[in-house]
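> Quick one, fold the following:
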Amino acid sequence: MLNEKNKYLGYANLLIHSFAVAHAAVVALFSYFNLPDEVPLTILTVLMIILVVRLYKFPYDLSAVLSLMFCFGGFFLGTKGGELMSNHTTGFWHDYANVIVTFLVTEMVGWVAYLIAKNLHIKQSDN
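Take a look at the predicted model:
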């Protein structure tokens, strides 16, 4: 049995990995049809962050602020990371650079949001 600190780890794991796959699928599908993917990726990111941090009853106003910060950060890391990987790789890695980077950035953003919410929850319960 997980202790109180890691009570929601399984849910977070499922949420974050599912959203990372969804982000990657959106990038692959939208790039195949040559469509802009910013709006669906932003919606997915905001939803993922709110769902993950609400596991620990993170306040809605702070969830919105965190979502906004991570959307900007994720956009920057995703676009620059995709460009960097695309420019320095060939073959499969070049063709799927944006999909791979999107998956990795989504994982990173999700786990950082989880850790922030969990650690703030622990600090509040200690007081």
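> When you work out contacts or count neighbours from here on, use the C-alpha atoms and nothing else.
Fine.
> As a check, name the ranges of all helices in the protein.
9-32, 38-54, 60-87, 91-95, 97-126 (DSSP state H).
> got JSON lines for the ones you listed, with mean neighbour count and mean pLDDT too?
Formatted as JSON lines, those follow (neighbours: other Cα atoms under 10 Å; pLDDT from 0 to 100):
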{"stretch": "helix 9-32", "mean neighbour count": "17", "mean pLDDT": "97"}
{"stretch": "helix 38-54", "mean neighbour count": "19", "mean pLDDT": "96"}
{"stretch": "helix 60-87", "mean neighbour count": "16", "mean pLDDT": "93"}
{"stretch": "helix 91-95", "mean neighbour count": "12", "mean pLDDT": "89"}
{"stretch": "helix 97-126", "mean neighbour count": "19", "mean pLDDT": "92"}
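> Nearest residue to residue 99 in space, ignoring adjacent ones along the chain?
Nearest residue to residue 99 in three dimensions, chain neighbours excluded: residue 24, at 5.0 Å (Cα to Cα, 6 or more residues apart in numbering).
> isn't that neighbour right next to residue 105, touching?
No: in this structure residue 24 lies outside contact range of residue 105 using Cα atoms under 8 Å: 10.1 Å.
> which residues touch the residue most central in space within the chain?
The C-alpha lying nearest the average C-alpha coordinate of the chain belongs to residue 106 (Cα atoms, centre = their mean; 3.0 Å). Contacts of residue 106 were listed using Cα atoms under 8 Å, 6 or more residues apart in numbering, and they are 16, 19, 20, 23, 45, 74.
> same check, this time on residue 37
Contacts here follow Cα under 8 Å, 6+ apart; on that basis residue 37 touches 26, 27, 30, 31.
> just these now: which is nearest residue 79?
residue 27 (11.5 Å; Cα to Cα).
> Just to check, that closest one is in contact with residue 99?
Yes: if you go by Cα under 8 Å, residue 27 and residue 99 touch, sitting 5.8 Å apart.
> Quickly list what's touching both of these two.
With Cα under 8 Å, 6+ apart, residue 27 and residue 99 have no common neighbours.
> Next, count neighbours for residue 36.
11 (other Cα atoms under 10 Å).
> Could you double-check that it lies in contact with residue 30?
Yes: the criterion here is Cα under 8 Å, and residue 36 meets it with residue 30 at 6.6 Å.
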